[in-house]
Structures are given as C-alpha cells and as structure tokens.
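Q: Dropping the sequence and predicted coords here.
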Amino acid sequence: MQGTVDGFSYGVVTPVVAYVMACLGGALGLRCTTRSLLVAHSWRPGWLALGSGAIGSGIWTMHFVAMMGFTVEEAPIHYDKPLTFASLAVAILMVGIGIFIVGYRGATGTALFTGGTITGLGVASMHYLGMAGMRLRGTLEYNTLTVAASVVIAMAAATAALWAAGQVRGFAWSLGASLVMGLAVSGMHYMGMAGLSVHLHGSDVAPPGDSPAEILAPMMIGPLAFLLLAGVIVMFDPLMVMGGQADVRNPANGARTRQSYPVPRSGDRHVPPARRSRVRTRPCTRPGSRTPQNW
C-alpha cells in the first residue's frame, strides 16, 4: 500500500523558515571562511572550524525544520535519536573538510572543485542519513535519477558559494554566497523529497523512536545556540574592532585590496602597518647607468 505523502503540511511556513536557517548558517560559515583568508595562519584553523560548525548546524536545522512539514497521512512518523544526531556530526565533518581545503588552498579551480564536491556530498549525506533515522510502519523508496539530481545540485551550489566566499570582496559577496548556499541546501532537500515514496506495511504497531514534537526542542537548542555564538564572534571580531587599514593579498588572484582592519601576516615580525609603510628601499646605481634604481 502506498502512503499519501505531504511535504508541505504547514504550507509555505516550513520551507521559508528552513531556507532562512540555511542562509543564516551559510552566512556565518562563509563569512568565517572569508575572514580566514585575511588573517595570519595561526588564526586560520579557528575561523575555519567555526565556519564548519556554523554551516553544519545551519543545514542540519534547515533539514529538520523542513521535515516538520513532512507527513504520511496513514502512519505517524518517529525519529531515531542516534542517527538523527549522527547526521549533524557528518554534516559538520564533511563541510569542514571542504572549507579547510578552500581556506588553505585559496579559491583556485582545483581547490574549489574538491572543496565544493566534498561540501555538497556532506549536505547530501546529512540529508539521507537524517532520512534513514525516520521510523514509520513502512519503507522509504527513492527515485534514483531524482536522488542523483539532488546531489549534483548540492555540489554545484556549494562550489559556487565557496567561490563567492573566496573572492574576499566584502560583506555583500558573503551575503550573496550565503543565499546561494541556502539555495543549495533547500534545493537539494526538496529535490530529494520529490523522489520519495512510502510503501506502508500492514502492521498497526507504533514504530520506535521519538515523535517530531519530542525531538524538536533538543534539536533546536544546541544548533541555534551555536549559531548565536558564531554570530557574536563574527560581529565582535577583534580585527574589526581595532580599526585601521591594511593591504591584503587575495589568494584567488593575487591582487591586493584595502581592508578596514589590520591583518597580521607571517614574516612581518610585529612591525606596525604605519612603520612598514615608511620603509624605503635603498637606492643604488647599476653599472653604466646615470640614474638611481630601486631594487
């Protein structure tokens, strides 16, 4: 017997809220990724780890907010807690691998392809592992082509988001990248759900696990608290509070840009930017030349 599946039992409320959560996690995570490209190497792992946690928490929260609107009319739905929270760990781990690749290699073609692919696969793995944690008196069946399309959407949009974050061109680019990341997660989710069908069993025994209402509170508190903490850290970044300007090399194209806060660089030996700007090269004269040259 085929179950009657409804992915929008609350109308547009759950898709909109889910998209906002994905964009929030993406905005914080990609902003941390952008910041990691501008700071000294000693600060970089911290920013990348914070970004990985923010994106992972955002996409995980997005998934289960969207699943609050998913119902099967003939059968109640429960969730297995270990698998549900394991999907969060998978999301953070795989997104972190992709972000660290771009953070250390820069927004080059190879790094973007590798990092975007791993990040997109992390989003897809989180989704389908979370779906595996669903318990109902039936079997979930997927359309192979739809599942493949959902994974391709996740990888392509994740790559585009990482490319935008790696341009180091200010908050507007990070905001645009977060919208793309939110689109990647939401598009992947609903594309995958479009290929889902439920084959019900004849048993009336209630499935094991927690109901959506029972798992919602602990699910929301942890990731939302982490996103709030990440937002506070990004807003009150010491490099922004200190003020000043510095020249920063863009890892993507080697161009230098002016930033509104000082950025320490390895090899500068703690020389203030004002003093570095006064250092002049020693003039010398090449043999056979009448004018001084700067080497």
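A: Received the coordinates, thanks.
Q: Now for Thr114, how many residues are close by?
A: Applying other C-beta atoms under 10 Å, we find 17 residues neighbouring Thr114. (Each C-beta comes from the backbone N, C-alpha and C, glycine too.)
Q: I meant Thr4, not that one.
A: Residues within reach of Thr4, counting by other C-beta under 10 Å, total 11.
Q: Use 30 as the first number for this chain going forward.
A: Got it, the first residue is 30 from now on, which makes the last one we talked about Thr33.
Q: check contacts around the closest residue to it other than its chain neighbours.
A: Spatial nearest neighbour of Thr33, excluding adjacent residues (C-beta to C-beta, 6 or more residues apart in numbering): Glu102 at 4.2 Å. Contact analysis of Glu102 by C-beta atoms under 8 Å, 6 or more residues apart in numbering lists 32-33, 35.
Q: Check the gap between Glu102 and Asp35 for me.
A: Applying C-beta to C-beta, to the nearest Å, the value for Glu102 to Asp35 is 7 Å.
Q: And for Pro74?
A: 44 Å.
Q: which residue sits closest to Gly55 in space, ignoring its chain neighbours?
A: Met210 (3.2 Å).
Q: Burial check on that neighbour, number of neighbours?
A: Residues near Met210, counting by other C-beta under 10 Å, number 30.
Q: Please name the residues that touch the residue nearest to Arg73 when sequence neighbours are not counted.
A: Nearest non-adjacent residue to Arg73, counting by C-beta to C-beta, 6+ apart: Ser65, 4.7 Å away. Going by C-beta under 8 Å, 6+ apart, Ser65 touches 72-73, 76-77, 80, 132.
Q: And Ile182, by the same measure?
A: Ile182 neighbours (C-beta under 8 Å, 6+ apart): 213, 216-217, 220.
Q: Sort out for me which of those are in helices.
A: Using DSSP state H, the subset of the contacts of Ile182 located in helices is 213, 216-217, 220.
Q: With respect to Ile262, which of the residues you listed is nearest?
A: Ile262 lies nearest to Ala213 out of those, by C-beta to C-beta, at 23.9 Å.
Q: Neighbours of the residue lying closest to the closest one once chain neighbours are set aside, how many?
A: Nearest non-adjacent residue to Ala213, counting by C-beta to C-beta, 6+ apart: Ala186, 2.9 Å away. Residues lying near Ala186 (other C-beta under 10 Å) number 23.
Q: gap between the helix or strand where Ala186 lies and the chain center?
A: Following DSSP states H and E, one finds Ala186 within helix 173-194. Computed by C-alpha atoms, centre = their mean, to the nearest Å, the chain-centroid distance of helix 173-194 equals 12 Å.
Q: Likewise for stretch 138-146?
A: 14 Å.
Q: Give me the residues contacting it.
A: Under C-beta under 8 Å, 6+ apart, the answer for stretch 138-146 is 126-131, 134, 184-185, 187-192, 195.
Q: in the protein, which spans are strands?
A: 34-35, 100-101, 107-108, 163-164, 167-171, 225-229, 275-278, 285-288, 312-313, 322-323 (DSSP state E).
Q: just to revisit the earlier point, scan the contacts of Ile182 and report the most crowded one.
A: Using other C-beta under 10 Å as the neighbour test, the contacts of Ile182 are led by Met217, with 28 neighbours.
Q: Which positions within stretch 190-208 qualify as buried?
A: Within stretch 190-208, the residues scored as buried using 16 or more other C-beta atoms under 10 Å are 190-197, 202-208.
Q: Check stretch 54-61 too.
A: With burial defined by 16+ other C-beta under 10 Å, the residues of stretch 54-61 counted as buried are 54-61.
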